Each structure stands twice: as structure tokens, then as C-alpha cells.
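Q: Here is a sequence with its predicted model. Questions after.
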Amino acid sequence: MAEKLTLSVEEAAKLLGIGRNLCYDRVKTGEIPVIKIGKRLLVPKAALEKLLAEPQPLKLTPAGK
């Protein structure tokens, strides 16, 4: 049997070690890429692996500014 190419948002959250609601929030902001098929939101494994392989630096601002 072929390996799945996509994950549900819940599966992606478990894999990332974050909560389901946080994962849905990040999907909404576009941080976690998804494809929509009907009513389902699916996270492509390849896009998730690319996201993890190329972490973005934090944009921190100094305190009080």
C-alpha cells in the first residue's frame, strides 16, 4: 500500500507536537500550507517537510518598542 501524501490538520498537529487549535490557527494565517478538497483541509507531507527543513528566523522586537 502506498504511503499517504497528505495529513489531516489533527495528524499534522500531533506530528509537530502542537495543539489542534494552534494548528488550525496557523493554517488560517497561512503558516501551515493546506489544500482544500471539499470540506476537508489536508496538509501535504512534502510541504510540511519543506517547512521544517527551512525554518524562518524569529522577528523579535526589543521590549518596550
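A: Good, I have the coordinates. Numbers count the residues shown, from 1 in each chain.
Q: in this protein, which segments are predicted with low confidence?
A: Along the chain, segments meeting pLDDT under 70 span 1, 64-65.
Q: can you pull out the helices in it?
A: Counting by DSSP state H, the chain has helices at residues 9-16, 20-29, 45-53.
Q: Figure out which of those helices is closest to I35.
A: Ranking these by their distance to I35 (criterion: Cβ to Cβ) puts helix 45-53 first, at 8.7 Å. For glycine as for every other residue, the C-beta is placed from the backbone atoms N, C-alpha and C.
Q: Show me what that closest one is packed against.
A: Judged by 3 or more Cβ pairs under 8 Å, 6 or more residues apart in numbering; DSSP states H and E, helix 45-53 is in contact with strand 6-8, helix 9-16.
Q: just checking, C23 touches A12?
A: Yes: under the contact definition of Cβ atoms under 8 Å, C23 touches A12, with a separation of 5.9 Å.
Q: about what we covered before: any chance of a markdown table for the helices of the chain, columns mean neighbour count?
A: What follows is these, written out as a markdown table (neighbours: other Cβ atoms under 10 Å):
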| stretch | mean neighbour count |
| --- | --- |
| helix 9-16 | 17 |
| helix 20-29 | 14 |
| helix 45-53 | 13 |
